[in-house]
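Visitor: Give me coordinates for this.
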Amino acid sequence: MKYGRNYEEKNLRRMIQFAEKYTNIENVVTLSRHLSWSHFLALIPLDNPKARDFYGNLVYENLIGVRELRKQIGQKVHERTEKVDIQLHDVNYIEKGIFKDPYFLDFLELKDGYLENDLESAILKELELFILELGNGFTFVERQKRMIIDGDDYNLDLLFYHRKLKRLVAIELKIDKFKAKHKGQMELYLRWLDKYEKQEGEQSPIGLILCAVASKEQIELLEMHKDGIMVAEYWTELPPREILETKLQKVLHKARERMARRKLR
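Guide: Numbering: from 1, shown residues only. You can find the predicted model right below:
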């Protein structure tokens, strides 16, 4: 009886918390079509309403289970997506919530001193996990996409297609810091893809440059996002949760500061 009473009290507390945090009945009805009570129990502890809505919609749109939901929350997908969305605040042709920064590639198990072709090969070996980290909607198209321009050969590392965006997504891998010249390279690839590979009904291709270190000031000055190019870091090792939270909070704070400065100009 004691166990039963404690269980009932615990369940009652959860129901009270649920009622306090989910006050929009219409939203609850919509979410409950795909979210179980166990899903909601994973969301209730989140204090940030935007984060709760983000993860709730993530389950609703992608039909993920409770275990995967808890993994997404633990890996701070909302914070990593929010960082990119702040960068895209003045762009309306790239849908928010698609890209992240950083991307976690710890599953690749790369050894120290790896090269760009090692990184590419590891991604292709673990393509399913890489697509899961990229997010829902990405479909792999081709590796080392060959382009002949003025008689010279160029090769794009990875080419994907995003079903929701209806765009080709070109991905370049860099094992060092982002450099300004990377923008010109990606712009060339995107224009070639737009001219020769874009199909009827598709939007113009966009690019994602994955770097070991993103050069924040260069990226801000170049306004990469306005040209349909995102730059994000990739992490091959994950820090402990507390350190991860601190790092992400710092970069989010700096991103908001940069956005505020642009508004004052």
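Visitor: Look up the pLDDT of the nearest residue to residue 241 once chain neighbours are set aside for me, please.
Guide: Excluding its sequence neighbours, the residue lying closest to residue 241 (CB to CB, 6 or more residues apart in numbering) is residue 74, at 7.0 Å. Just so you know, the C-beta spots here come from the backbone N, C-alpha and C atoms, and that holds for glycine as well. At residue 74, the predicted lDDT confidence score is 93.
Visitor: Distance of residue 74 relative to residue 55?
Guide: Note on residue 74: its distance to residue 55, by CB to CB, to the nearest Å, is 11 Å.
Visitor: do the same with residue 253
Guide: Distance from residue 253 to residue 55, counting by CB to CB: 22 Å.
Visitor: next one: residue 110
Guide: 29 Å.
Visitor: more crowded one of the two?
Guide: A direct count of neighbours by other CB atoms under 10 Å for residue 110 and residue 55 places residue 55 higher, at 23 against 18.
Visitor: doesn't residue 68 make contact with the more buried one?
Guide: No - using CB atoms under 8 Å, residue 55 is not in contact with residue 68; the gap is 10.6 Å.
Visitor: Of all the residues in stretch 31-51, which ones are buried?
Guide: 31, 35, 39-40, 42-44, 46, 51 (16 or more other CB atoms under 10 Å).
Visitor: Among those, which ones are in helices?
Guide: The members of the buried residues of stretch 31-51 that map onto helices under DSSP state H are 31, 39-40, 42-43, 51.
Visitor: Looking at pLDDT only, which of the buried residues of stretch 31-51 scores worst?
Guide: residue 31 (91).
Visitor: In three-state terms, how would residue 238 be classified?
Guide: With DSSP: H, G, I helix; E, B strand; the rest coil as the basis, residue 238 sits in coil.
Visitor: For it, give me its contacts.
Guide: By CB atoms under 8 Å, 6 or more residues apart in numbering, residue 238 lies in contact with 75, 104, 106, 244.
Visitor: cool, residue 84 as well?
Guide: 99-101, 230, 232.
Visitor: Tell me how far whichever helix or strand it is part of lies from the chain's centre.
Guide: If you go by DSSP states H and E, residue 84 is part of helix 77-87. Helix 77-87 sits 7 Å away from the centroid of its parent chain (CA atoms, centre = their mean, to the nearest Å).
Visitor: quick one: average pLDDT of that helix?
Guide: In this model, helix 77-87 carries a mean pLDDT of 90.
Visitor: Send me it as CSV with only the CA atoms.
Guide: In CSV, the C-alpha atoms belonging to helix 77-87 read as follows (Å, rounded to 0.1, in the frame of the first residue of the first chain):
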residue,chain,number,x,y,z
VAL,A,77,20.0,19.4,-30.3
HIS,A,78,17.8,22.5,-29.6
GLU,A,79,20.7,24.6,-28.5
ARG,A,80,22.8,23.6,-31.5
THR,A,81,20.0,24.3,-33.9
GLU,A,82,19.2,27.6,-32.2
LYS,A,83,22.7,28.8,-32.8
VAL,A,84,22.4,28.4,-36.5
ASP,A,85,18.8,29.9,-36.6
ILE,A,86,20.2,33.0,-34.9
GLN,A,87,22.8,33.2,-37.8
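Visitor: What is the burial count for the closest residue to residue 109 other than its chain neighbours?
Guide: Distances taken as CB to CB, 6+ apart place residue 122 nearest to residue 109, at 7.6 Å, with adjacent residues excluded. Residue 122 sits with 19 neighbouring residues when counted by other CB under 10 Å.
Visitor: residues in contact with residue 122?
Guide: Contacts for residue 122 (CB under 8 Å, 6+ apart) come out as 108-110, 114.
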